[in-house]
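In: with the input below, show me the fold.
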Amino acid sequence: MPDTTPGELVVFEGAGEIARATGLLAGRNRRARRVAQVVGPGFAGRPWSSRLAETLSSLDPTVVVHEGPTTPESVARLARQLHAMRADAVVAIGGGTVIDAAKAAAALAHGGPPDADQVRRACAAGPASAGLAVPSRVVAVPTTAGTGAEATPFATLWDTRHERKLSLSGPAVRPCAAVLDPELLVGLSRRDLATGVLDALCQGAEASWSVRSTAESIRWGTSAVTLVAQVVDQVRDGTLDHAARGRLQRAAHHSGRAIALAQTSSCHAISYPLTLRHGLAHGHACGVTLGRLLRYNHAVLPDDCADPRGTGQVRRVIDGLASPLGGTPARAAARVERFITACGLATYDELAVDHRRVAAEAVTYPRCHDNPRQLNRQSLGRLLGERSEMEEMCG
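Out: Here you go, the predicted model:
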């Protein structure tokens with residue numbers, strides 16, 4: 001069993017690796033005595049659920065179901081449950097919603113049973129928040145491909161009361177271990193796989209082109225996009241095999257590694273009002289503007305370049321992202337947009353949204369301003385409405 005230090009992420013990759021991963025919860029001398037198994041409401045219906053339940057039975061876990069989106073209320077409720085059972089460790093099995101909820105709740109439960117307003121304050125406090133000092137004892141087992149939540153030191157929460165996206169962040173929010181088992185993607189619909197593909201693409205791209213990007217985030221991000229490009233047609237055609245599922249899951253994980261270093265950027269900032277106000281699934285909401293931003297950012301000029309490394313840096317990065325997807329940014333953008341349509345998802349132009357309002361809300365998120373080409377309310381409004389305005393001009 002690998003030795004770990006607090007905050008280090010250990011990755012177990014392959015079918016059946018959850019057994020080895022959960023061994024980390026024993027520590028050096030004994031197994032954790034009180035383990036919570038956090039799952040979503042659909043867990044029992046997945047084809048592999050009984051296998052995982054049998055594998056985890058030696059831990060005698062208490063199964064806790066997290067329902068609905070990850071909100072301050074749901075995280076507070078889950079944290080109170082973990083605190084009441086004095087959970088020593090958490091095994092989170094599910095998509096980004098379940099994993100983020102478990103990460104946040106486990107980090108907060110050590111400080112006592114919180115209410116929703118305490119969760120909001122912890123999000124606002126940032127990484128130095130007082131309740132996040134205890135090292136994570138969360139094993140994250142993703143059952144979707146896209147979020148990379150098993151690799152990140154933050155959790156996304158949706159404050160539906162105030163219509164804002166929140167983030168709980170800090171080293172203690174990052175899991176101690178992640179399990180990448182390709183067989184756990186079996187049974188997902190093409191729509192679910194497609195939204196995961198779009199999320200991984202956006203995370204890889206944004207962590208690469210962000211003004212916060214580093215050489216390492218660009219390597220992880222470009223790898224994520226390259227791996228997605230190898231399987232995107234199989235997702236579209238519904239022909240994923242075991243090897244392709246493994247590549248897709250690895251792509252999602254690499255995208256999580258990338259945003260753990262550089263965070264997300266403009267696609268995500270635009271996605272928040274699309275999810276909060278219009279109910280779009282997260283990956284879909286991010287992906288509908290990826291093509292636009294690939295083209296827009298590649299056309300950066302010295303006068304509107306936000307990256308201090310200059311226009312050459314921005315274009316080189318975007319060329320590297322576009323290459324595996326189509327060769328040029330325009331072709332890569334077109335391929336992404338064709339994929340969205342082929343998978344039965346609405347494109348941005350098919351959404352019944354007020355693009356000026358979306359732009360006005362998106363620019364209130366700091367991530368929007370990590371874009372390498374300057375974005376403000378006016379320029380983003382024009383970018384989002386470009387086709388609508390063209391149609392109006394053409395009558």
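In: can you show me the helices along the stretch 201-350 of the chain?
Out: 215-237, 242-262, 266-278, 282-287, 290-298, 311-322, 329-342 (DSSP state H, counting those that start in this stretch).
In: ok, and what's touching the longest one?
Out: It stands for helix 215-237. The list of residues contacting helix 215-237 from outside it, by C-beta atoms under 8 Å, 6 or more residues apart in numbering, reads 190, 193-194, 197, 200-201, 203-208, 210, 213, 240-241, 244, 247-248, 250-252, 254-255, 257-259, 261-262, 317, 320-321, 324-325, 335, 339, 342-343. In short, each C-beta sits where N, CA and C put it, glycine included.
In: the closest residue to Leu188 other than its chain neighbours: what's it in contact with?
Out: The shortest distance from Leu188 to any residue other than its chain neighbours is 6.6 Å, reached at Thr144 (C-beta to C-beta, 6 or more residues apart in numbering). Applying C-beta under 8 Å, 6+ apart, we find Thr144 in contact with Gly94, Gly95, Gly96, Leu185, Leu188, Asp192, Gly196, Ala252.
In: just the ones of the residues you listed in helices?
Out: Using DSSP state H, the members of those that fall within helices are Gly96, Asp192, Gly196, Ala252.
In: quick one: contacts for Val65?
Out: By C-beta under 8 Å, 6+ apart, the residues touching Val65 are Val38, Val39, Gly40, Pro41, Phe43.
In: if you set the cut-off to 7 Å instead, what comes out?
Out: Val39, Pro41 (C-beta atoms under 7 Å, 6 or more residues apart in numbering).
In: that one and Leu325, how far apart?
Out: Using C-beta to C-beta, to the nearest Å, one gets 38 Å for the distance from Val65 to Leu325.
In: swap in Val288?
Out: For Val288, the distance to Leu325 equals 16 Å [C-beta to C-beta].
In: who has more neighbours out of those two?
Out: Set Val288 next to Leu325 and count neighbours by other C-beta atoms under 10 Å: Val288 wins out with 28 against 24.
In: now the more buried one. Nearest residue, chain neighbours left out?
Out: Setting aside the residues directly before and after it, Val288 is nearest to Tyr348 in space (C-beta to C-beta, 6+ apart), at 4.0 Å.
In: over to Glu337?
Out: Counting by C-beta to C-beta, 6+ apart, Glu337 lies nearest to Gly291, which is 4.7 Å off, once chain neighbours are set aside.
In: okay, the one you found: pLDDT?
Out: Gly291 carries a pLDDT value of 97.
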